[in-house]
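Asker: how would this look folded up:
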Amino acid sequence: MFRLIGILLTVLFAIATAIVTWPQFFHLEQTFPITQIVASRAALVIAFAGILLLALLLMLARPLRGFAASLAIVALLGGGASAAILALRGVDTADVLPAKTSSSVRVLAWNTAGEAVSADEIAQTVVSQQADIVALPETTEAVGEDIALKLRDAGHPMWVHHVQYRPEVTQGPDSWQTTVLISPALGDYSVIPSSADGSSNTSSVPSAVVMPVDGDGPTVVAVHTVAPRQDEMDGWAKDLRWVADQCPAGKNVILAGDFNATLDHMSGLGTAGGDLGACRDAASRAGSGAVGTWPTSVPALLGAPIDHVMATEQWRASGAAVLPAGAGGSDHRALITQLERATP
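Answerer: Predicted coordinates for the structure are as follows:
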């Protein structure tokens with residue numbers, strides 16, 4: 001009887017390991033609670049390491065040796081697979097980008113958690129990182145304008161664009177607003193009407209679709225999807241599909257912001273070689289795609305990489321860095337990437 005129970009437990013553990021290691025195969029990457037469990041693969045590696053250690057200790061008891069050995073093998077395979085995925089996506093924690101050239105475009109994505117990060121700190125980060133596009137979910141228009149004034153005084157001018165849900169609510173949450181700043185060097189831009197009025201946008205929190213009025217700059221989408229809480233799973237999945245639709249093949253598009261999703265969650269939403277629509281994740285192609293941006297309360301390598309910069313084939317990622325948590329109280333780290341125009 002004990003042997004049968006051991007076999008059953010081992011089989012169940014193997015199935016669970018397979019699901020959390022490769023949820024895409026079972027089409028469970030957008031299913032609660034699998035979505036939440038696979039958000040941090042580094043945490044999975046640690047969990048499997050703990051199970052492996054426990055199984056090795058159990059092997060000291062002769063009656064449990066076979067059962068423990070089976071658990072150890074499964075844990076070793078599961079932890080090894082997640083570790084390999086982390087290595088492939090990149091665990092480079094350096095916060096230095098390659099030297100910027102005249103054709104480089106730097107994109108900064110930072111969910112500032114409202115006024116948890118001051119305009120001063122944001123402006124200083126923009127200047128120090130020489131950012132050309134800045135996506136700021138949960139940053140109000142007033143703060144965006146304050147940032148722009150500080151950037152102008154620092155000799156780094158940028159235009160402010162903004163989307164807000166339910167502007168008639170005077171004390172609405174900061175999460176109802178998204179601000180994006182764009183360098184004049186990329187040309188004049190304007191928020192498209194369907195993004196501004198919410199008729200084509202993410203569900204509960206807004207994204208901003210900003211298109212060039214002149215010049216050959218990319219369409220910029222400052223992304224903010226709803227968090228995948230248990231009661232928001234459907235809205236979150238719809239938000240990801242909407243973001244994917246903003247990045248069709250053949251278009252010049254840059255996505256940046258808080259996607260509330262890792263590359264695992266985006267499985268099946270890529271087209272034409274992209275990770276989300278035709279857009280390719282810059283950090284994973286620059287060697288830091290597994291470095292977590294949320295939450296700041298845990299080390300970056302243990303966090304979830306849910307903030308992204310993505311771009312269509314017109315761009316090539318030459319560098320990406322998750323910046324250290326600043327003095328402000330945002331639960332997100334900023335992500336800075338450097339994009340180069342791809343040669344035909």
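Asker: got the end-to-end distance for stretch 18-36?
Answerer: Chord length of stretch 18-36, first to last residue, is 16 Å (CA to CA, to the nearest Å).
Asker: mind listing what's buried in it?
Answerer: For stretch 18-36, a neighbour-count test (16 or more other CB atoms under 10 Å) marks 18-23, 28-30, 34-35 as buried. C-beta here means a position set from N, CA and C on the backbone, and glycine is covered the same way.
Asker: what sits against residue 13?
Answerer: 71, 74 (CB atoms under 8 Å, 6 or more residues apart in numbering).
Asker: Need the pLDDT of it.
Answerer: Here, the pLDDT recorded for residue 13 equals 93.
Asker: and it, how far is that from residue 37?
Answerer: Distance, residue 13 to residue 37, using CB to CB, to the nearest Å: 14 Å.
Asker: Could you list the buried residues of the longest helix along the chain?
Answerer: Identified as the longest helix of the chain according to DSSP state H is helix 65-89. Residues of helix 65-89 classed as buried: 67-68, 70-72, 74-75, 78-79, 81-83, 85-86, 89 (neighbour count, 16+ other CB under 10 Å).
Asker: tell me which element the residue lying closest to residue 301 once chain neighbours are set aside is part of?
Answerer: Leaving aside its sequence neighbours, residue 301 sits nearest to residue 42 (CB to CB, 6 or more residues apart in numbering; 5.4 Å). Using DSSP states H and E, residue 42 sits within helix 41-58.
Asker: May I see the buried residues of that helix?
Answerer: Those would be 41-45, 47-48, 51-52, 55, 58, for helix 41-58 by 16+ other CB under 10 Å.
Asker: Turn those into a markdown table, including pLDDT and distance to residue 154.
Answerer: Shown next, in a markdown table, are the buried residues of helix 41-58 (pLDDT from 0 to 100; distance: CB to CB, whole Å):
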| residue | pLDDT | distance to residue 154 |
| --- | --- | --- |
| 41 | 96 | 38 |
| 42 | 96 | 37 |
| 43 | 96 | 39 |
| 44 | 97 | 42 |
| 45 | 97 | 42 |
| 47 | 97 | 45 |
| 48 | 97 | 47 |
| 51 | 96 | 51 |
| 52 | 96 | 52 |
| 55 | 94 | 57 |
| 58 | 89 | 61 |
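Asker: Can you add distance to residue 208 and give the residues you listed back as a markdown table?
Answerer: Listed next are the buried residues of helix 41-58 as a markdown table, based on distance: CB to CB, whole Å:
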| residue | distance to residue 208 |
| --- | --- |
| 41 | 30 |
| 42 | 31 |
| 43 | 32 |
| 44 | 34 |
| 45 | 36 |
| 47 | 38 |
| 48 | 40 |
| 51 | 44 |
| 52 | 46 |
| 55 | 50 |
| 58 | 54 |
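Asker: between those, which is nearest residue 221?
Answerer: Of all those, residue 221 sits closest to residue 41, with 26.1 Å by CB to CB.
Asker: Starting from residue 134, give me the distance back to the residue nearest to the closest one when sequence neighbours are not counted.
Answerer: Nearest-residue entry for residue 41: residue 82, 4.6 Å, with adjacent residues in sequence omitted and distances by CB to CB, 6+ apart. Relative to residue 134, residue 82 is positioned 33 Å away (CB to CB).
Asker: For residue 36, which residues are in contact?
Answerer: Contacts for residue 36 (CB under 8 Å, 6+ apart) come out as residue 228.
Asker: Okay, helices next: where are they in this structure?
Answerer: So, for the chain - with DSSP H - the helices run 2-21, 34-37, 41-58, 65-89, 119-129, 141-153, 193-196, 233-245, 282-286.
Asker: Pipe these into TSV and attach distance to residue 259 per row.
Answerer: Compiled in TSV, the helices of the chain are given as follows (distance: least, CB to CB, whole Å):
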stretch	distance to residue 259
helix 2-21	20
helix 34-37	13
helix 41-58	16
helix 65-89	15
helix 119-129	20
helix 141-153	20
helix 193-196	16
helix 233-245	7
helix 282-286	12
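Asker: To what extent is residue 254 buried, counted in neighbours?
Answerer: By other CB atoms under 10 Å, 27 other residues sit near residue 254.
Asker: From what I see, it and residue 339 are in contact.
Answerer: Yes - the criterion here is CB atoms under 8 Å, and residue 254 meets it with residue 339 at 7.2 Å.
Asker: my guess is residue 334 contacts residue 110, does it?
Answerer: Yes - using CB under 8 Å, residue 334 makes contact with residue 110 at a distance of 3.9 Å.
Asker: what about those two, which has more around it?
Answerer: Per other CB under 10 Å, whichever of residue 334 and residue 110 has more neighbours is residue 110, with 31 against 28.
Asker: All set now, cheers.
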